[in-house]
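**Q** Need a 3D model of the following:
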Amino acid sequence: MHIETLNTETNYAGDITPSTAWEVLSKNQKSLMIDVRTKAELSFVGQPDLSSINKSVKNIELQLFPGGILNDDFTSQLLLELENLNMDKEDPLLFLCRSGARSSKSASMMAHTGWECCYNIAYGFEGDPNENHHRALVNGWKHEGLPWIQQ
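**A** Residues are numbered from 1 along each chain as shown. Okay, the predicted model is just below:
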């Protein structure tokens, strides 16, 4: 499956729109979304709902709450999860965060470990802030009207 990227000037496979991420997740059985936000963010802001395509989002925090300290075990935790899921290094890994910054870093980290198809979901779950500093109104998963839940 060809995956349309916004930017390939990265050390990972590239940046993709949330809609492209949804298409990949829907059409590629072996694709996986990894949400790198904190559990607090998932609870208070919401998260993608992949239940309609019989998938779930894996959450491994890149930065720990509170304080935003880098999770030194991020890569090893994700590698263990990928092994448990019988994932191959050619399977698409789609990384998501609030705005695309942490997910870009995560995609880069996994590309360094030899995973070939690491994609950053550009704009993230909430997207860029507008002129009033409100998110989900300019771009991102929520803005594109993709399924999400808040628990």
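**Q** Which strands or helices does the helix or strand where Y119 lies pack on?
**A** In the assignment (DSSP states H and E), Y119 maps to strand 118-121. On a contact count with 3 or more CB pairs under 8 Å, 6 or more residues apart in numbering; DSSP states H and E, strand 118-121 meets strand 14-16, helix 18-27, strand 93-96, helix 101-112. Backbone N, C-alpha and C define where each C-beta goes, glycine included.
**Q** And the second one, what's buried?
**A** Buried residues in helix 18-27, counted by 16 or more other CB atoms under 10 Å: 18, 20-25.
**Q** cool, the longest one as well?
**A** Under the neighbour-count criterion of 16+ other CB under 10 Å, helix 101-112 has 102-107, 109-111 buried.
**Q** list the helices and strands that helix packs on?
**A** Secondary-structure packing of helix 101-112 (3+ CB pairs under 8 Å, 6+ apart): helix 74-84, strand 93-96, strand 118-121.
**Q** Reformat the ones you listed as JSON lines; add mean neighbour count and mean pLDDT.
**A** As requested, the helices and strands packed on helix 101-112 are exported to JSON lines (neighbours: other CB atoms under 10 Å; pLDDT from 0 to 100):
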{"stretch": "helix 74-84", "mean neighbour count": "15", "mean pLDDT": "97"}
{"stretch": "strand 93-96", "mean neighbour count": "28", "mean pLDDT": "98"}
{"stretch": "strand 118-121", "mean neighbour count": "28", "mean pLDDT": "98"}
